[in-house]
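Undergrad: With the input below, show me the fold.
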Amino acid sequence: MIRSITLGLATAAIFAATPAAAQEQQEEEPRLIISFGGGVQFTPAFPGSDELKLQPLFTGGARREGEPIPGRAPDDGFGFSLTGRGGPVEIGPMIAFQSKRDEDDVGALVGDVDFAFEPGAFVNVNVSDSFRLRAEARRGFDGHEGWLGDFGADFFLRPGDNTVVSIGPRVRLADDEYMQTYFGITPAQAATSGLAAYTPDGGVRAVGAVIGITHEFTRNFGIYGYAQYDRLIGDAADSPIVQQFGSEDQFSAGLALFFNFRMRNPF
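TA: Now for the predicted structure:
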């Protein structure tokens with residue numbers, strides 16, 4: 001009888017302790033840190049412009065609590081890896097955008113170009129924790145219907161647990177369709193603008209470099225900034241639009257504040 005009572009009490013104790021143990025284990029699981037913020041940036045008024053336009057800048061991301069700030073470059077499109085983050089190779093879909101061009105901004109009757117969506121795909125080759133190679137391929141819709149390709153290498157520096165700096169060179173390509181949209185001049189446009197007709201070929205349109213920094217002042221608050229320089233080359237640089245109304249030197253820079261929110265990891 002005493003043995004049965006003892007066994008029953010032990011069994012009850014086990015079942016009573018199980019929810020508490022499960023709850024304690026659940027509480028110990030790393031939470032997700034969701035970063036979201038905004039600010040302002042200056043970008044060329046249109047591809048090839050010599051004037052900068054003020055635009056909003058949004059930044060965001062997600063990581064597990066305890067993980068370092070992710071290393072990413074400022075000109076990475078919005079996307080995610082289908083092969084997991086942090087592996088030797090990351091492959092996934094992404095999307096970028098190109099703001100509209102008003103011929104009033106150009107200063108010549110060369111036609112307006114609508115806002116463009118650029119869905120595509122990327123490949124990251126993570127050579128080490130501090131160095132990666134990246135390639136993007138995108139196709140435009142609405143504003144332009146051309147194909148674009150970006151190739152780059154990025155070094156990631158971590159002077160502390162709450163700071164990451166990225167820096168690296170870029171090579172940017174475009175096909176005939178994109179080049180004609182932004183740098184070409186049709187015979188009809190030549191007749192109204194006074195510029196010579198121009199039909200550029202696809203190829204390398206620019207080379208440059210980009211640098212970015214993310215710094216968390218506290219566990220809940222941080223700052224993000226970037227600077228980018230592209231030098232138009234080839235048929236893009238030779239366009240009458242660039243030569244007479246723009247510049248081969250393309251600068252961009254932005255600054256944003258962000259906040260970190262912590263939530264239970266649903267995965």
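Undergrad: where does this structure have low pLDDT?
TA: Low-confidence segments of the chain (pLDDT under 70): 1-28, 266-267.
Undergrad: Now do the strands for the protein: every range, in order, please.
TA: Secondary structure of the chain (DSSP state E): strands located at 32-44, 52-64, 78-79, 89-98, 116-128, 131-139, 141-142, 147-160, 163-174, 203-216, 221-232, 249-263.
Undergrad: Residues contacting the third one, please?
TA: To tie it back to what came earlier, the one meant is strand 78-79. Surrounding strand 78-79, the residues in contact under the criterion CB atoms under 8 Å, 6 or more residues apart in numbering are 92-96, 121-122. (Each C-beta comes from the backbone N, C-alpha and C, glycine too.)
Undergrad: re earlier: got the strands of the chain as JSON lines, with distance to residue 190 columns?
TA: As requested, those are arranged in JSON lines below (distance: least, CB to CB, whole Å):
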{"stretch": "strand 32-44", "distance to residue 190": "23"}
{"stretch": "strand 52-64", "distance to residue 190": "26"}
{"stretch": "strand 78-79", "distance to residue 190": "37"}
{"stretch": "strand 89-98", "distance to residue 190": "24"}
{"stretch": "strand 116-128", "distance to residue 190": "24"}
{"stretch": "strand 131-139", "distance to residue 190": "28"}
{"stretch": "strand 141-142", "distance to residue 190": "25"}
{"stretch": "strand 147-160", "distance to residue 190": "26"}
{"stretch": "strand 163-174", "distance to residue 190": "21"}
{"stretch": "strand 203-216", "distance to residue 190": "21"}
{"stretch": "strand 221-232", "distance to residue 190": "21"}
{"stretch": "strand 249-263", "distance to residue 190": "24"}
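Undergrad: and residue 196, which of the ones you listed is closest to it?
TA: Nearest to residue 196, of all these, is strand 221-232, at 18.0 Å by CB to CB.
Undergrad: Show me what the closest one pairs with in its sheet, parallel or antiparallel.
TA: Paired strands of strand 221-232, with direction, are strand 203-216 (antiparallel), strand 249-263 (antiparallel) (DSSP bridges).
Undergrad: ok, back up a step: which entries within the contacts of strand 78-79 meet the buried criterion?
TA: Listed as buried from these are 94, 96, 121-122; burial here means 16 or more other CB atoms under 10 Å.
Undergrad: Max pairwise distance over those: which two?
TA: Going by CB to CB, the two entries of the buried ones among the contacts of strand 78-79 that are most distant from one another are 96 and 121, at 11.4 Å.
Undergrad: okay, and the common contacts of those two?
TA: Taking CB under 8 Å, 6+ apart as the contact definition, residue 96 and residue 121 share the neighbouring residues residue 136.
Undergrad: if we can go back for a sec, just give me the closest of the buried ones among the contacts of strand 78-79 to residue 226.
TA: Comparing the buried ones among the contacts of strand 78-79 against residue 226 with CB to CB places residue 96 closest, at 14.8 Å.
Undergrad: Quick check: the gap between the closest one and residue 89.
TA: 21 Å (CB to CB, to the nearest Å).
Undergrad: for residue 68, same thing?
TA: 20 Å.
Undergrad: just residue 252 next, same as before
TA: On the measure of CB to CB, residue 252 and residue 89 end up 29 Å apart.
Undergrad: For those two, indicate the residue with more neighbours.
TA: Neighbour totals were compared for residue 252 and residue 89, and residue 252 leads with 20 against 11 (other CB atoms under 10 Å).
Undergrad: Spit out the contact partners of residue 213.
TA: With contacts defined as CB under 8 Å, 6+ apart, the neighbours of residue 213 are 163-166, 224-226.
Undergrad: try residue 240
TA: Applying CB under 8 Å, 6+ apart to residue 240 gives the contacts 185, 195-196, 198.
Undergrad: how much space is there between residue 129 and residue 239?
TA: As it turns out, when the distance is counted by CB to CB, residue 129 lies 41 Å from residue 239.
Undergrad: which one of those two has more residues nearby?
TA: Counted by other CB under 10 Å, residue 129 and residue 239 do not tie: residue 239 has more neighbours, with 25 against 11.
Undergrad: show me the contacts for the more buried one.
TA: Shown in contact with residue 239 (CB under 8 Å, 6+ apart): 48, 183-185, 198, 200.
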